[in-house]
Each structure stands twice: as structure tokens, then as C-alpha cells.
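**Student:** Predicted model and sequence below, questions to follow.
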Amino acid sequence: MKVLVFGASGQLGSLLPPAFAAHSVRGITRADADLRDAAAVRKAVGESSPDAVVLAAGNADADFCEDHPGDAYAVNVDGARNVAEATRGRHLTVFSTDHVFDGRAGPYSEEDRPNPMNVYGRTKLEAERIVQSVNPRSLVVRTTLVFAPGDRSFFSKLLSTKEPVPCWSDHVATYTYGPNLAQSVAELVEAGRTGVWHVAGTDVLSRHDFSLKVAARFGLDPSLFRPVPLARSAPRAPRPLRAGLRTEKARAALRTKLLSSDEALELAYRAYGRP
Ligand SMILES: NC(=O)c1ccc[n+]([C@@H]2O[C@H](COP(=O)([O-])OP(=O)(O)OC[C@H]3O[C@@H](n4cnc5c(N)ncnc54)[C@H](OP(=O)(O)O)[C@@H]3O)[C@@H](O)[C@H]2O)c1
């Protein structure tokens, strides 16, 4: 299979090539094709002539999106439409998020009704709908709080900090180990799956709970990680407080085992060791 990855320089995009190692993978960046430029997107797809395309490019910064809704819509919605139009007849995977939900009753299954409470979530939900209507061979993978050592995630901040880090104590969600997500996505693509799938870690915990697990596994000082309510840090974009994703559908279909945070941290520790 020939696979083309948009967003190869990003957190998720850089995790994908190893998971597709059995295939011929090409990763491209914004310099190769800006998502907002329909002709450039068409050209990139035409030149690679892939069997499957993975859209791992987009604006994933909820606070930036809240302050710059025009930019957020241009990249996350119009950009996704451009990719869906350019990939008709090919398999397309796009990434979405638990921010499509309002955070009143998470974790959420694929059957739950989306109701985004911030601009980022609205752009991602609109993109999900457009992509699926434009390209019927679309797979929407919703995931959350992806982490791997060396990335720019909250997890990496915990590993590298020498200063106290405020950790939300009342925002709960599912923490997802990047290589486990990438392996699961590769399996879904290989099977030609379409529709909406939740792929995430299997336990729901707050940032503070997560930080204590990281401290315990990596031998860090837990007192650096200070519990604070979300409202205290007043992020620009409101967050779905009781969020996270239920993954029964993926767990029933995948050979790849979706991991709990303890299992994921154990693998991360074995792969990368102490910071
Ligand atoms: N990370 C998570 O925990 C998470 C959770 C749920 C869903 N997602 C979704 O996964 C996708 C990737 O997120 P990420 O965390 O990997 O983001 P990221 O690390 O910020 O990477 C975003 C990628 O998109 C590219 N990009 C941004 N604007 C572009 C444009 N106009 N044209 C072409 N490429 C552009 C960036 O290229 P440059 O480097 O050149 O800017 C970068 O390669 C997003 O759709 C996000 O909504 C992520």
C-alpha cells in the first residue's frame, strides 16, 4: 500500500511512518502543500498517487483557535475539505478530538451526541461531517491527550521541568500513548475501516493524577506537580471538563491492545528511560 501523510512534521504525523513501516510511506509538510491551497493539495495527492492518505495536519491548539477563529476554520475545516476532495476514490483518515463533546458526561462513545463548547471543537466537528460527506471512504479517528517522550506534549513538559507545574485537578480525560495510537491507526487503515472510531488510552484521569503516575514511574519529585482547578488557570478556550473517549468499538475490532496509562508509561519508560 502507498500511504501519504499530511503533517509529517507534527506530533501525530511524526509517529505514523514507523507504524506504516510495512508499506511505502511518504510524509509531507506545509512547505510541500498548504492545506488551505486546494490546488497544492490536489497536486501533492496526484504526484504521490497513494492508496491511503492520512491527514495529520491541522491546528490543534485550542487556545489559538479560540482567539483566531478565521485561521482555525481555514486550516481545520477548509483544509480538511480540500484534502477530502483531492482524495475521492482513495482511503482517507482524519484525526478528531473529544473537544467535539461538551464535557458534561464523559468519557464518550461514538454514539454520543457531539456538542462542542469551543472553536477548536466546532472546527473539528464540522470537518468530520464535511470529510465524510465528500469522501465516503473516510475514517475519522477521535483521540485525546497524545503523548510520547520527546514531543511537545504536557507529558514531555513534566519530564523536563525543574519548576513547579500547575496540573489541572478537575479536568479528566483519556491519555493516549502515541506509538499505540499510531499502530492502531495503521491497523484500521489496513482493514479499510471507515466511519468514526475512538482510539485512546483506556482509563480516565485528571492531569494531576496523570502527573503523579509519571512522577512515580520516572522517579521524579511529585511535589513539583501542583493540583489546581482548571478555572484558576482560565485558559482562553473553555475545556470539556469530564471528557475522554470510550474505546469499546476499537478494542473489539483491533488486534493492537489499547493501553492504560500505567501500561503506556511502562512502555515509555522502557523505550526512553529516565529524562
Ligand atoms: N495531539 C493530540 O493530543 C491530538 C488529540 C486529538 C486530535 N488531534 C488532531 O491531530 C491532528 C494533528 O495534531 P498534532 O497534535 O500532531 O498537531 P501539531 O503537532 O501541532 O502538528 C500539526 C501539523 O499540521 C501542520 N500544519 C498546520 N497548519 C498547516 C497548513 N495550513 N497546511 C499544512 N500543514 C499545516 C503543521 O506543520 P508546521 O509544522 O509547518 O506548522 C504540523 O505538521 C490535528 O488535526 C488535531 O486536531 C491531536
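**Tutor:** That came through, no problem. Because the structure is predicted, anything quoted here is derived from the model rather than measured. Residues are numbered from 1 along each chain as shown.

**Student:** Helices along this protein, start to end?
**Tutor:** Secondary structure of the chain (DSSP state H): helices located at 11-19, 38-48, 62-67, 69-72, 79-86, 119-134, 154-160, 178-190, 207-218, 230-233, 248-253, 261-272.

**Student:** Next, the angle from the longest one to helix 79-86.
**Tutor:** What that stands for is helix 119-134. 10 degrees (axes from the mean of the first three to the mean of the last three C-alpha atoms, to 10 degrees).

**Student:** now the helices of the chain as a markdown table including mean pLDDT and mean neighbour count?
**Tutor:** In this view, the C-beta of every residue, glycine as well, is placed from N, C-alpha and C. Output for the helices of the chain, formatted as a markdown table (pLDDT from 0 to 100; neighbours: other C-beta atoms under 10 Å):
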| stretch | mean pLDDT | mean neighbour count |
| --- | --- | --- |
| helix 11-19 | 96 | 20 |
| helix 38-48 | 98 | 17 |
| helix 62-67 | 98 | 17 |
| helix 69-72 | 98 | 15 |
| helix 79-86 | 98 | 24 |
| helix 119-134 | 98 | 22 |
| helix 154-160 | 94 | 18 |
| helix 178-190 | 98 | 23 |
| helix 207-218 | 97 | 20 |
| helix 230-233 | 91 | 12 |
| helix 248-253 | 98 | 14 |
| helix 261-272 | 95 | 16 |
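
**Student:** tell me the contacts of the single nearest residue of the stretch 1-150 of the chain relative to the ligand?
**Tutor:** Residue nearest to the ligand within the stretch 1-150 of the chain: residue 10 (2.2 Å; C-beta to the nearest ligand atom). Contacts for residue 10 (C-beta atoms under 8 Å, 6 or more residues apart in numbering) come out as 56, 57, 60.

**Student:** Neighbour count for those - can I get that in JSON lines?
**Tutor:** Formatted as JSON lines, the contacts of residue 10 follow (neighbours: other C-beta atoms under 10 Å):
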{"residue": "56", "neighbour count": "24"}
{"residue": "57", "neighbour count": "28"}
{"residue": "60", "neighbour count": "20"}
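
**Student:** ok, and of the residues you listed, which contact the ligand?
**Tutor:** 56, 57, 60 (C-beta under 6 Å from any ligand atom).

**Student:** Can you give me the pLDDT of the last one?
**Tutor:** Put plainly, it is residue 60. For residue 60, the model assigns a pLDDT of 97.

**Student:** how far away is it from residue 80?
**Tutor:** 13 Å (C-beta to C-beta, to the nearest Å).

**Student:** tell me, how many neighbours does the residue nearest to residue 228 when sequence neighbours are not counted end up with?
**Tutor:** Closest residue to residue 228 apart from its sequence neighbours, by C-beta to C-beta, 6 or more residues apart in numbering: residue 166 at 4.4 Å. As a burial measure, residue 166 scores 16 neighbours (other C-beta atoms under 10 Å).

**Student:** contacting residues around residue 166?
**Tutor:** 226, 228, 232, 233.

**Student:** Residue 36: neighbour count?
**Tutor:** For residue 36, the neighbour count with other C-beta under 10 Å is 14.

**Student:** Tell me which residues touch it, please.
**Tutor:** 74, 75, 78, 79, 82.

**Student:** Excluding chain neighbours, what is closest to the first one?
**Tutor:** The spatial neighbour of residue 74 that comes closest, neighbours along the chain excluded (C-beta to C-beta, 6+ apart), is residue 36 at 5.2 Å.

**Student:** Next: the fourth one.
**Tutor:** Taking C-beta to C-beta, 6+ apart as the measure, residue 79 lies nearest to residue 35, with 2.9 Å between them; neighbours along the chain are not counted.

**Student:** Relative to its centre, which residue of this protein is most distant?
**Tutor:** residue 223 (28.9 Å; C-alpha atoms, centre = their mean).

**Student:** That one - nearest residue in space that isn't next to it in sequence?
**Tutor:** residue 164 (7.9 Å).

**Student:** Was I right to think that neighbour contacts residue 226?
**Tutor:** Yes. Using C-beta atoms under 8 Å, residue 164 is in contact with residue 226, at 5.3 Å.

**Student:** Could you tell me which residues of this structure lie near the ligand?
**Tutor:** Checking the chain against the ligand by C-beta under 6 Å from any ligand atom, the hits are 7, 9-13, 29-30, 34-36, 56-60, 75, 79, 95, 97, 124, 143-146.
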